[in-house]
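**Q** quick one: sequence plus predicted model below, questions after.
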Amino acid sequence: MEFTVGQIAEVLRGAVEGDATQRIDRLAKIEEGQAGSLSFLANLKYEHHLYTTGATAVIVSRTLELRQPTTATLIRVDDPYTSFTTLLEFYQQATRTGKRGVEEPAYMAASSRIGENHYRGAFSYIGENCEIGQDVVIFPHVFIGDRVKIGDGTILYAGAKVYAETVIGSRCTIHAGAVIGSDGFGFAPQPDGSYRTIPQIGNVVLEDNVSVGANATIDCATMGSTLIREGAKVDNLVQIAHNVEIGRHTVVAAQTGISGSTKIGDFCVLAGQTGIAGHLSLANRTTVTAQSGVGKSIKEEGILLQGSPAFMLRDSLRANAIFRHLPEVERRLTQLERNQSATEKP
Amino acid sequence: MEFTVGQIAEVLRGAVEGDATQRIDRLAKIEEGQAGSLSFLANLKYEHHLYTTGATAVIVSRTLELRQPTTATLIRVDDPYTSFTTLLEFYQQATRTGKRGVEEPAYMAASSRIGENHYRGAFSYIGENCEIGQDVVIFPHVFIGDRVKIGDGTILYAGAKVYAETVIGSRCTIHAGAVIGSDGFGFAPQPDGSYRTIPQIGNVVLEDNVSVGANATIDCATMGSTLIREGAKVDNLVQIAHNVEIGRHTVVAAQTGISGSTKIGDFCVLAGQTGIAGHLSLANRTTVTAQSGVGKSIKEEGILLQGSPAFMLRDSLRANAIFRHLPEVERRLTQLERNQSATEKP
Amino acid sequence: MEFTVGQIAEVLRGAVEGDATQRIDRLAKIEEGQAGSLSFLANLKYEHHLYTTGATAVIVSRTLELRQPTTATLIRVDDPYTSFTTLLEFYQQATRTGKRGVEEPAYMAASSRIGENHYRGAFSYIGENCEIGQDVVIFPHVFIGDRVKIGDGTILYAGAKVYAETVIGSRCTIHAGAVIGSDGFGFAPQPDGSYRTIPQIGNVVLEDNVSVGANATIDCATMGSTLIREGAKVDNLVQIAHNVEIGRHTVVAAQTGISGSTKIGDFCVLAGQTGIAGHLSLANRTTVTAQSGVGKSIKEEGILLQGSPAFMLRDSLRANAIFRHLPEVERRLTQLERNQSATEKP
């Protein structure tokens, strides 16, 4: 895609200072700007980049007063950051999420319904009795099992897999390869040491505005629903086990695992590679630092946890500070023993 | 799906107490029962739920004597838990695993054979010279490479990927997105610091009744076979490297990784996010707690391990208990030094 | 596949000692050799296996002098290891990577170009305006988004997913289910505690000879490129976040996660299940042991790190050695306190 500076200024209702016929084919940070790229300057801390940038054009505030000459053409707007974000969203829609129509061969059972203005990529699959809203974008190789419900404006990227009975809200984003609704790890130990599989007949429910990362896995409930509440963000390669509940606007970073039947509150942050044991409950606004392992429920809101097993972040930092110097601690102990022993001898 | 209470009672050879014409459209735990749902009461510890449940019907023992009235219709059977599990299995088969027939377009090379009574979903792929048993369920987007063998009654969920030469036993379950037979991480360091790829020509063998979780990865052997023995359960996002052996009825929980050529015994339990180093051997019935990292072979059976690096669970718990109080340990040490120093001065 | 010993010897320009008409149908380690298998003996440390092996034939050096009789037919060559590796590569190409032609249905947009001598498996997908080199192997269910560039000789295994705008070099290997170019985890916290999604418009660039493991995920940059440099090896289930750079010939083992904007130098080794925090820089030849968590930049080259949080390997080993005996340290401390207290009393 290529636009002139003038075309972009028109969309943003901005005023051009310089050559409006110059061509823009990408967006870039101001310090990485090259010929053909458009940048923005919102924070005046970075103003010096404006005078050295290689960008063809820069979006700046209407009120900015230049302190040096710049080679870049300026687009003056009221709020450079908002204008730039608008362009980012426009760009992403133009390049990825704005697809519409059906590419053949695509499979949809006759008993299923999908709303207007959708995209169904080649080799996408929709099973029996599904109800899918409008403006839904379904990339190639997406699998949607029987009796799945999906709300308006949701995007499923290539090869996302949605098992039967799953419910997905509106404006959700499911990234490539994510699996939603796989069987929970339900195996009953038998007297001979083998395991009998317990059928998992529940489902997964994602509320609105939920994001699920690439190759993440969310198991269905044994009975009932595994529940991801409104606005929660689940990153790549996260594992969410059967009957888990993730609270509203909670963030679960990459490679974290949450064991069966655990409930995570609202506005929590679980950093990368964290593990949460099963049948626990974490209060709202709990934060768990990376690689920590939580083995107990947290009742008080706003707690910060660290370590494996995890405890209060402040205490964990202190314990770790001494851990590093354990050899010295041991030497001091040995010295004390020697001194005491020497004192006793006489 | 919808059944009457009477129809369900007939299947279970149970006796109805109440309105046999009522309609059931789901199964639920007794404490979560709602209109239209069927529950069960096996453990009398939960008998009180029977008198408050919103479930339309509850499966109970023939010998149960009611202590209060209940609004639920009862289905009396010999063994409520077994009856309910039968229903769970029936339900799962009806909704997921009972599919039969071929949805077009599906691809199967002319040189491959598959037994009777199978399902091949749209966009499923079977390469050259495969031998696949009967009652096999192959969901959409499953990839089966050349010369793969699969036993009777095995289920492959959407987008499971099976590389050439893999052997899968009977009654196995491979969940969505699992990858079986990818190249082991075989790279020989060269004098200039780069790596030469060593071709991986072995395969993966799964014996009967093995379960592989969603998006798990099992690498083929360099030569010979990576081997998952009978009844082993491998959870979501687990990584099993080249030439690993997993023993019979061993459970490997989510996000665990097992490095190359390691042998895990029978009846072991590796909890979530565990790591096992390469070229080790763990004896039968070894248990490793979550997030632990095992760096040494275990010869004695029945050992419990914890920590990274892992050692005996009991010792690990004690060491961790003191770790939390290291700042206090350090203060006590400093106090002793001061006291000793004070004693010496005079 | 089946060959005679004589046919193999001809390819390797070797001399046969024994029955050249015997049939070979697999390659095996000399200690695991069976009827029909071909092995090799390069390191004389293993010479004793030559006299007990069940292999039909063994590749040995022209200069080897037998010290005992062997039942195996010998193929004498100048360099047994190189000859055997040649066979491994030939075997892998014959069984996996040598596929050519197009299986229908396969999808490629009319605006895209692909070079000669390629394989496009059934249900593979190539979007708009892609430029793909020659000798490229694209397995079934591979997704290649719009405007992707792929160099000569690259292999994409079943179900690999490549988002729009990605650039992949020559002779790369992308394993099954890997996702390249998914959105970075970009969410701006709002005053009400919810998150606004920041469009991610950058891409991923893989240079030549890069390997990406099964179900690994590499996020696109927010702007600019996430960059995997020449010869880097990324193992299964690895997570690489937005704007990360991985240096030349760096090895990233399974289930490791690297957070946003971090730069890993050349010739580094990150062992399995390692985590690297965001916005860091690791110098060339840094080694991080398994399950470690790196929270600080490393400026000096060649450092070995361990632990979570990680510090110098040597110090970490010493601290861990004492950690195991913390209960004893605590007992010695208590004993000292008692002794001191006893000394003071009188």
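**A** Right, received. Where do you want to start?

**Q** distance of the residue positioned nearest the centre of chain A relative to chain C?
**A** When Cα atoms, centre = their mean is applied to chain A, the residue found nearest the centroid is A:D235 (4.0 Å). Per Cβ to the nearest Cβ, to the nearest Å, A:D235 is found 5 Å from chain C. C-beta coordinates here come from the backbone N, C-alpha and C atoms, glycine included.

**Q** what of A:T173?
**A** Taken as Cβ to the nearest Cβ, the spacing of A:T173 relative to chain C amounts to 7 Å.

**Q** equivalent analysis for A:L44, please.
**A** Using Cβ to the nearest Cβ, one obtains 20 Å as the distance from A:L44 to chain C.

**Q** and what of A:E31?
**A** 10 Å.

**Q** host element of the spatially closest residue to that residue that is not a sequence neighbour?
**A** By the measure of Cβ to Cβ, 6 or more residues apart in numbering or on different chains, the closest residue to A:E31 outside its immediate chain neighbours is A:H49, 5.0 Å from it. In this structure, A:H49 is located in helix A:47-50 according to DSSP states H and E.

**Q** who does the helix or strand just after that helix touch, helix- and strand-wise?
**A** Read in the C-terminal direction, the helix or strand following helix A:47-50 is strand A:57-61, with elements assigned using DSSP H and E. For strand A:57-61, the packing partners by 3 or more Cβ pairs under 8 Å, 6 or more residues apart in numbering or on different chains; DSSP states H and E come out as helix A:5-12, strand A:37-40, strand A:73-77, helix A:80-92.

**Q** and the second one, what does it pack against?
**A** It refers to strand A:37-40. Judged by 3+ Cβ pairs under 8 Å, 6+ apart, strand A:37-40 is in contact with strand A:26-27, strand A:57-61, helix A:80-92.

**Q** most tightly surrounded among those?
**A** Using mean count of other Cβ atoms under 10 Å in any protein chain shown, the stretch among these with the largest mean neighbour count is strand A:57-61, at a mean of 25.

**Q** for A:G184, helix, strand, or coil?
**A** Recorded secondary structure, A:G184: coil (DSSP: H, G, I helix; E, B strand; the rest coil).

**Q** let me see the contact set for it.
**A** Contacts here follow Cβ atoms under 8 Å, 6 or more residues apart in numbering or on different chains; on that basis A:G184 touches A:200, A:202, A:219-222, A:226, A:241-243, A:260.

**Q** circling back to that earlier point, quick one: contacts for the residue nearest to the centre of chain A?
**A** A:D235 makes contacts with A:213, A:216, A:251-256, A:272, C:185, C:239, as judged by Cβ under 8 Å, 6+ apart.

**Q** reformat those residues as TSV; add neighbour count and distance to chain B.
**A** Converted to TSV, the contacts of A:D235 look like this (neighbours: other Cβ atoms under 10 Å in any protein chain shown; distance: Cβ to the nearest Cβ, whole Å):
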residue	neighbour count	distance to chain B
A:G213	29	12
A:A216	30	8
A:V251	22	18
A:V252	30	13
A:A253	25	13
A:A254	29	11
A:Q255	30	7
A:T256	28	9
A:G272	27	12
C:F185	25	17
C:Q239	31	11
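
**Q** which of these scores worst on pLDDT?
**A** Looking at the contacts of A:D235, model confidence by pLDDT dips furthest at C:F185: 84.

**Q** test my guess that that residue contacts C:A241.
**A** Yes: in this structure C:F185 lies within contact range of C:A241 using Cβ atoms under 8 Å: 6.7 Å.

**Q** find residues that contact each of the two.
**A** Common neighbours of C:F185 and C:A241, counting by Cβ under 8 Å, 6+ apart, are A:254, C:219, C:260.

**Q** and those residues as CSV, adding secondary structure?
**A** Converted to CSV, the shared contacts of C:F185 and C:A241 look like this (three-state DSSP):
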residue, secondary structure
A:A254, coil
C:D219, strand
C:G260, coil
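
**Q** re the thing from before, what sits up against the helix holding A:H49?
**A** Among residues not part of helix A:47-50, those counted as contacts by Cβ under 8 Å, 6+ apart are A:30-31, A:41, A:58, A:60, A:64, A:66-67, A:70, A:72.

**Q** neighbour-wise, give me the winner out of the contacts of A:G184.
**A** Within those, A:D219 tops the neighbour count with 31 neighbours, counted by other Cβ atoms under 10 Å in any protein chain shown.

**Q** would you mind confirming that that one makes contact with B:A176?
**A** No: applying Cβ under 8 Å, one finds A:D219 not in contact with B:A176, separated by 10.8 Å.

**Q** now the common contact residues for the two.
**A** Shared contacts of A:D219 and B:A176, defined by Cβ under 8 Å, 6+ apart, are found at A:182, B:214.

**Q** longest helix anywhere in chain A?
**A** Looking across chain A with DSSP state H, the single longest helix is helix A:326-344.

**Q** that one: which residues count as buried?
**A** Neighbour-count burial for helix A:326-344, counted by 16 or more other Cβ atoms under 10 Å in any protein chain shown, picks out A:326, A:329-330, A:332-333, A:336-337, A:339-340.

**Q** what does stretch A:309-322 give?
**A** Along stretch A:309-322, these residues count as buried under the neighbour rule (16+ other Cβ under 10 Å): A:309-311, A:313, A:315-316, A:318-320, A:322.

**Q** now narrow these to whatever sits close to chain B.
**A** A:309, A:311, A:315, A:318-319, A:322 (Cβ under 8 Å from any Cβ of the partner chain).

**Q** just give me the closest of those residues to chain C.
**A** Looking at these and their distance to chain C, the nearest is A:I322, at 9.5 Å (Cβ to the nearest Cβ).
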